[in-house]
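Peer 1: What follows is a predicted protein model with its sequence.
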Amino acid sequence: MVAIFFFIFVWGSWTLVLRVGAESDKAQEKPWERFSLNLGGGITFLKSDVRIGSESTGISVNVEDGLGLDTNMFVLRGEGIFRLGDSRRHRLDFGYFDLSRSGTKTTGRDITIGNTLYPTGTTVDTEFDLKLFKGAYSYSLVQDDRIDFGLGAGLYVAPINFRVSNSVSGVREESSSTSPLPFLELHIDYALTPKLFLKQKLDLFYVEYKDFKGRLVDASIGLEYNLWKHFGLGLAFNIFSLHVEDKGDATNLKGSIDLAFSGLMLYGKVMY
């Protein structure tokens, strides 16, 4: 599904760039705000697999099916944009979203996590804390009164904490990590009308170094409508996929985390 979304995103984006780039430049004010702040969220579908310990001794657990975490949850997300200079081609992006969840489940089978065996019928409490902080810089290669097309790079910082415990026995297994994830960014904003905008963005990251492997895809496409001069509303479809794995001592993760979600995001926007 991510591959299909990526193909549609790139094909549609490049088509718009070629179409608008062929038009003559119009002498009117560009509609791209200097500063904007988006805040909102939406119900998303999640799938997560977590492994604590090495591949030989650790056991991979689907945290939704095996440990009772919700497959659907409300995700809060905030993003900000600041354009520098008179041309407004230099752009800084900031973002934050929280994917933390917790749950309680009585196991229907024996589950081994790390060095601990949870027999059938054990009630386990699970906390899966994951927050993502983003910073990025991009430069608009094409920018006029209809289109803003830019390329850039940035960094995600992802504090992860996974805990499984049994309140009766006091047994507890925990793994935590803070992973820096550099990425490449592509964005294309298109003014359909003076108040209606098509927004598309794609962040990609992949690294494999010694015993550490990381992969991230964050893609979105949506519509924004400016109700007033300084306020608007937006609706976007978002696909997110994260894989972090450490087989050695590169981080303190000692295992792997796979997480993917997709869903619609509704947000409000303040701009100047």
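Peer 2: Perfect, I can see it now. Note that the coordinates shown come from a computational prediction; the quantities given were computed from them, not determined experimentally.

Peer 1: and residue 165, how many neighbours?
Peer 2: Counted with other Cβ atoms under 10 Å, the neighbours of residue 165 add up to 17. All C-beta spots, glycine's among them, are computed from the backbone N, C-alpha and C.

Peer 1: Which strand residues bridge it?
Peer 2: With DSSP bridges applied, residue 165 shows beta-bridge pairing to residue 125, residue 172.

Peer 1: Could you tell me the model confidence score at it?
Peer 2: Residue 165 carries a pLDDT score of 83 in this model.

Peer 1: quick one, what contacts it?
Peer 2: By Cβ atoms under 8 Å, 6 or more residues apart in numbering, the contact list for residue 165 reads 124-125, 171-173.

Peer 1: Among these, which one sits closest to residue 224?
Peer 2: When these are compared for distance to residue 224 (Cβ to Cβ), residue 125 wins out at 40.6 Å.

Peer 1: thought that closest one was touching residue 102?
Peer 2: Yes. Here residue 125 lies in contact with residue 102, judged by Cβ atoms under 8 Å, at a distance of 7.4 Å.

Peer 1: re earlier: in PyMOL, how would I select just the buried ones from the contacts of residue 165?
Peer 2: A single PyMOL command is used to select the members of the contacts of residue 165 judged buried by 16 or more other Cβ atoms under 10 Å:
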select buried, resi 124+125+171+173
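
Peer 1: As TSV, the contacts of residue 165 with distance to residue 228 would be great.
Peer 2: Putting the contacts of residue 165 into TSV (distance: Cβ to Cβ, whole Å) gives the following:
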residue	distance to residue 228
124	50
125	47
171	56
172	52
173	52
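
Peer 1: Show me what the strand or helix carrying residue 243 is packed against.
Peer 2: Using DSSP states H and E, the element containing residue 243 is strand 231-246. When contacts are defined as 3 or more Cβ pairs under 8 Å, 6 or more residues apart in numbering; DSSP states H and E, strand 231-246 packs onto helix 2-21, strand 35-52, strand 147-165, strand 172-191, strand 212-228, strand 255-271.

Peer 1: right, and these - which one's nearest residue 137?
Peer 2: With Cβ to Cβ, the closest approach to residue 137 among the helices and strands packed on strand 231-246 belongs to strand 147-165: 5.1 Å.

Peer 1: Okay, angle between that closest one and strand 255-271 too, please.
Peer 2: Put simply, strand 147-165 runs at 130 degrees to strand 255-271, going by axes from the mean of the first three to the mean of the last three Cα atoms, to 10 degrees.

Peer 1: Now strand 147-165: buried residues?
Peer 2: Applying 16+ other Cβ under 10 Å to strand 147-165 flags 147-150, 152, 154, 156, 158, 160, 162-165 as buried.
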